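Q: Dropping the sequence and predicted coords here.
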Amino acid sequence: MAEDLHGILLLDKPLHMSSAAAVARAKRLFNARKAGHTGSLDPLASGMLPICFGEATKFGAQLLDADKTYRVALRLGERTPSADRESQVVETRALPPLSRDQLQQALADFPRRYSQVPPMHSALKQDGKPLYEYARAGIIRERAARTIVIHEMTLIDWQPPDLTFDVCCSKGAYVRVLGEDLAAKLGTIGYLLALRRLKVAPFGVQPVWVFEALEGLSVQRLREILLPVDAALGAWRRLELSAAGVIAIRQGKSITLPGDPGGGAPEPVRIYAAGLGFLGLGEIGPAGRLIPRRLISSNANEA
């Protein structure tokens, strides 16, 4: 029988596996009742895929909204309809002479905030169908541009015609489109040879686990490697509650915090209590009133 398990697994998703299939395999391996990922990776991409178990699924939105870092291998001088290796090359161009200095400058000069049109080969839905289904049927749909932020781009290697670089970007960025846009700025075309996600903020220095290693661990060790439910929430202010405060917020009531006047704008906080640990997320509003927003089950504190 599946168990109530709470925590976060940093999985190294393998190539040629969907994120949904990775979650299903991890769920079986950990014998967990509830699990979900926090931002999918295409089957042709590998790397960090945080998987939330149990009560951790309530806070997956924080990871969906997080900045992410990728290592990108981009082939210049060729184009595919999907902008990656899912489809065949349909156009080739002679590659202009490019030095490492020119490539480093192009990465440094790339817009840090720009509007990006999602690709047709994506899981975004229109009229109840993912765009990639339309694309595979030869149908092009209008897509609204979205603003994304590029925090950093770093040259890793240049072996013509293949360019490797790291990019740290905001949520919602399509790296395939980014690759095509970068190729255009270099005076050519391009598509992704490989994509690996290195980090999902705030995670990056913690180990990621491959399935082969996980399958060799004992049940006890599997539970020990899980990060705590609140592992992704360290940037939020920490608030300690009294026993009376715990009772009130678990009943869905707002409470006044002594000595906390509050501010003009609501302030998100993570809530803790002695002997119980993490209780969930709340918001401090005007007059220092704490409003519970997303709490974990009391059974999870007792597990």
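A: Looks like it arrived, so ask away.
Q: Show me the shaky parts of the stretch 201-303 of the chain.
A: Along the stretch 201-303 of the chain, the model assigns pLDDT under 70 to residues 259-264, 299, 301-303.
Q: can you give me the strands in it?
A: With DSSP state E, counting those that start in this stretch, the ranges of strands along the stretch 201-303 of the chain come out as 237-241, 255-256, 267-273, 277-284, 289-295.
Q: between those, which gets nearest to Gln126?
A: In terms of CB to CB, the element of the strands of the stretch 201-303 of the chain nearest to Gln126 is strand 289-295, at 30.0 Å. Just so you know, the C-beta spots here come from the backbone N, C-alpha and C atoms, and that holds for glycine as well.
Q: Ramachandran angles for Thr57?
A: Dihedral angles of Thr57 (phi, psi; degrees, to the nearest 10) stand at phi -60, psi -20.
Q: Give me the neighbour count for the nearest residue to it once chain neighbours are set aside.
A: Closest residue to Thr57 in three dimensions, ignoring its sequence neighbours and counting by CB to CB, 6 or more residues apart in numbering: Gly36, at 4.8 Å. Taking other CB atoms under 10 Å as the criterion, the count of residues near Gly36 is 17.
Q: what helix or strand is Gly36 on?
A: With elements delineated by DSSP states H and E, Gly36 resides in strand 35-37, which encompasses its position.
Q: Starting from that strand, tell me which strands it pairs with and how they run.
A: Strand 35-37 has the following strand partners under DSSP bridges: strand 45-53 (antiparallel).
Q: what mean pLDDT does the helix or strand just after the strand it pairs with have?
A: Once the chain leaves strand 45-53, the next helix or strand it forms, by DSSP H and E, is helix 60-64. Along helix 60-64, the predicted confidence averages to a pLDDT of 86.
Q: Any stretches of the stretch 1-150 of the chain with poor pLDDT?
A: Judged against pLDDT under 70, the low-scoring parts of the stretch 1-150 of the chain cover residues 122.
Q: before we move on, the earlier item: quick check: which of the strands of the stretch 201-303 of the chain is buried the most?
A: strand 277-284 (a mean of 21; mean count of other CB atoms under 10 Å).
Q: which helices and strands sit right next to that strand?
A: When contacts are defined as 3 or more CB pairs under 8 Å, 6 or more residues apart in numbering; DSSP states H and E, strand 277-284 sits against strand 237-241, helix 243-250, strand 267-273, strand 289-295, helix 298-302.
Q: try 7 Å
A: Helices and strands touching strand 277-284, by 3 or more CB pairs under 7 Å, 6 or more residues apart in numbering; DSSP states H and E, are strand 267-273, strand 289-295.
Q: Can you name the residues in contact with the strand holding Gly36?
A: Taking CB atoms under 7 Å, 6 or more residues apart in numbering as the criterion, the residues outside strand 35-37 that touch it are Ser19, Val23, Ala26, Lys27, Leu49, Ile51, Cys52, Phe53, Thr57, Gly60.
Q: from what I can see Ile140 touches Met120, true?
A: Yes. In terms of CB atoms under 7 Å, Ile140 counts as a neighbour of Met120; the distance is 6.2 Å.
Q: Of the two, give the one with the bigger neighbour count.
A: Neighbours of Ile140 and Met120, each counted by other CB under 10 Å, are more numerous for Met120; the result is 20 against 9.
Q: Please report phi then psi for the more buried one.
A: Main-chain torsions, Met120, degrees, to the nearest 10: phi -60, psi -30.
Q: Show me what counts as buried in the strand ranked longest in the chain.
A: In the chain, assigned by DSSP state E, the strand with the most residues is strand 146-159. Of all the residues in strand 146-159, those buried under the rule 16 or more other CB atoms under 10 Å are Ile148, Ile150, Met153, Leu155, Trp158.
Q: For that strand, enumerate the helices and strands it packs against.
A: In this structure, strand 146-159 makes packing contacts with helix 100-109, strand 113-116, strand 162-169, judged by 3+ CB pairs under 7 Å, 6+ apart.
Q: Now do the contacts for the spatially closest residue to Cys52 that is not a sequence neighbour.
A: Closest residue to Cys52 apart from its sequence neighbours, by CB to CB, 6+ apart: Gly60 at 5.0 Å. Contacts of Gly60 were listed using CB under 7 Å, 6+ apart, and they are Gly36, Thr38, Cys52.
Q: likewise Ile271?
A: By CB under 7 Å, 6+ apart, Ile271 lies in contact with Leu239, Leu241, Ile249, Leu279, Gly280, Leu281, Gly282.
Q: what bridges to it?
A: Leu239, Gly280.
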